[in-house]
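Asker: Okay, structure incoming, though there's no sequence with it:
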Ligand SMILES: Nc1ncnc2c1ncn2[C@@H]1O[C@H](COP(=O)(O)OP(=O)(O)OP(=O)(O)O)[C@@H](O)[C@H]1O
């Protein structure tokens with residue numbers, strides 16, 4: 001087990017990554033990376049390949065093509081690399097007949113770095129009794145127990161597949177908040193998939209957008225937002241606008257064009273009739289999802305740390 005203090009600067013890097021289930025390519029030619037210490041959101045529509053990617057990262061699936069480095073080592077069955085990665089699967093597979101204490105015993109038995117004090121303190125702070133049966137806990141509490149079991153492993157990378165699925169807004173907020181507390185106190189890298197983009201805007205700082213098994217965007221969220229704008233104005237000026245910016249997605253009425261566009265400079269000089277405003281994460285993601293053929297951006301700083 002490597003426990004050295006020096007961690008690789010890149011937590012995850014893939015090149016030419018593909019995965020095929022019989023006839024179906026779930027991932028094709030994926031190149032992406034996550035710098036260490038980032039909280040990365042993996043978003044995409046149903047069937048985009050998110051779970052497949054996460055299963056490859058944690059060593060549960062073998063890629064059909066390409067390379068994957070996790071924490072600086074090629075992904076595989078190496079116990080050393082995998083022991084530094086914690087995974088919370090989509091269906092939070094806790095044994096419902098177990099008590100919370102049983103879950104902790106199980107975790108301690110399986111993981112050499114297990115921090116039982118951390119797990120007990122965390123559950124205590126959340127008001128979750130060790131003697132409670134898992135099956136009797138609410139969905140939010142079960143998610144917290146699963147998250148606690150992942151965190152107590154003391155991982156360098158934590159991978160969460162839809163950790164917020166089936167939780168109400170309050171529970172979603174609490175799970176994200178406790179995850180962020182953990183991130184603030186350690187140098188952990190987080191990779192989490194979600195359908196609910198608005199839950200991610202305040203917490204994630206890195207975005208990977210998968211669509212149809214391909215990477216559409218990969219980069220720092222602030223940089224991605226600052227390089228896109230919402231632009232609207234008279235439809236008769238549309239041709240000129242299209243010459244000046246890269247329109248990702250647009251809608252038109254008889255008079256008005258509204259679009260999400262990628263800009264080259266932070267203060268684009270456009271005709272004064274255009275109104276220009278910032279985009280939020282949800283608007284950016286939706287614009288790309290509606291245009292699956294707009295691929296990874298060639299702009300070098302958008303894909304860099
Ligand atoms: N075990 C499997 N056998 C065959 N095809 C599969 C299998 N698992 C996934 N697929 C297919 O691979 C593609 C990607 O699926 P995946 O579950 O990775 O997507 P996802 O983005 O996680 O979807 P969701 O958001 O619905 O969970 C889909 O077309 C899916 O039908």
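Answerer: The structure has been received and is ready for your questions. Please read these numbers as outputs of a predicted model, since none were measured by experiment. Numbering: from 1, shown residues only.
Asker: lowest confidence element among the helices and strands of this structure?
Answerer: helix 79-83 (a mean of 67; mean pLDDT, DSSP states H and E).
Asker: tell me which residues in the longest helix anywhere in the chain are buried?
Answerer: The longest helix of the chain (DSSP state H) is helix 169-185. If you call a residue buried by 16 or more other C-beta atoms under 10 Å, then helix 169-185 has these buried ones: 171-176, 178-179, 182-183. Quick note: C-beta positions are derived from backbone N, CA and C, even for glycine.
Asker: average model confidence for that helix?
Answerer: On average, the pLDDT along helix 169-185 is 83.
Asker: Mind checking if the next helix or strand after that helix is in reach of the ligand?
Answerer: Using DSSP states H and E, the helix or strand that directly follows helix 169-185 along the chain is strand 189-193. No: Strand 189-193 is not in contact with the ligand by C-beta under 6 Å from any ligand atom; minimum separation 6.8 Å.
Asker: got a list of contacts for the following helix or strand past strand 189-193?
Answerer: Using DSSP H and E, the next helix or strand after strand 189-193 towards the C-terminus is strand 206-211. Residues from elsewhere that reach strand 206-211 (C-beta atoms under 8 Å, 6 or more residues apart in numbering): 27, 30, 32, 34-35, 38-45, 48-50, 53, 215-221, 224, 281, 285, 288-289, 292.
Asker: swap the cut-off to 6 Å and go again
Answerer: Contact with strand 206-211 is made by 32, 34, 38, 40-44, 48-50, 216-218, 221, 288-289, 292, as judged by C-beta atoms under 6 Å, 6 or more residues apart in numbering.
Asker: Show me how to select, in PyMOL, the buried members of these.
Answerer: The buried residues among the contacts of strand 206-211 can be selected in PyMOL (16+ other C-beta under 10 Å) with this line:
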select buried, resi 32+34+38+40+41+42+43+44+48+49+50+216+217+218+221+288+289
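Asker: List the ones among the contacts of strand 206-211 that fall in helices.
Answerer: Reading helices off the contacts of strand 206-211 with DSSP H, I get 50, 221, 288-289.
Asker: Pick out whichever of these sits closest to residue 238.
Answerer: Of all the ones in helices among the contacts of strand 206-211, the one sitting nearest residue 238 is residue 288; the distance, using C-beta to C-beta, is 20.3 Å.
Asker: For the closest one, give me its contacts.
Answerer: The contact partners of residue 288, by C-beta under 6 Å, 6+ apart, come to 209, 216-217.
Asker: In a markdown table, list those along with distance to residue 148 and pLDDT.
Answerer: Shown next, in a markdown table, are these (distance: C-beta to C-beta, whole Å; pLDDT from 0 to 100):
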| residue | distance to residue 148 | pLDDT |
| --- | --- | --- |
| 209 | 29 | 96 |
| 216 | 34 | 94 |
| 217 | 32 | 94 |
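Asker: out of those, which touch the ligand?
Answerer: Near the ligand, by the rule C-beta under 6 Å from any ligand atom, you find none of the contacts of residue 288.
Asker: Name the SS class of the residue lying closest to residue 172 once chain neighbours are set aside, please.
Answerer: Ranked by C-beta to C-beta, 6 or more residues apart in numbering and with sequence neighbours excluded, the top spatial neighbour of residue 172 is residue 164, at 4.5 Å. Classification of residue 164 using DSSP: H, G, I helix; E, B strand; the rest coil returns coil.
Asker: cool, the one 3 residues further on as well?
Answerer: When the structure is split into helix, strand and coil by three-state DSSP, residue 167 lands in coil.
Asker: Contact partners for it?
Answerer: 139-140.
Asker: Report the separation between it and the ligand.
Answerer: To the ligand, residue 167 is 16 Å away according to C-beta to the nearest ligand atom, to the nearest Å.
Asker: hang on, the earlier thing: tell me which of the buried residues of helix 169-185 is nearest to the ligand?
Answerer: The ligand lies nearest to residue 172 out of these, by C-beta to the nearest ligand atom, at 16.5 Å.
Asker: still on that earlier bit, would you reformat the buried residues of helix 169-185 as CSV and include distance to the ligand?
Answerer: Listed next are those as CSV, based on distance: C-beta to the nearest ligand atom, whole Å:
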residue, distance to the ligand
171, 20
172, 16
173, 21
174, 23
175, 18
176, 19
178, 23
179, 20
182, 24
183, 23
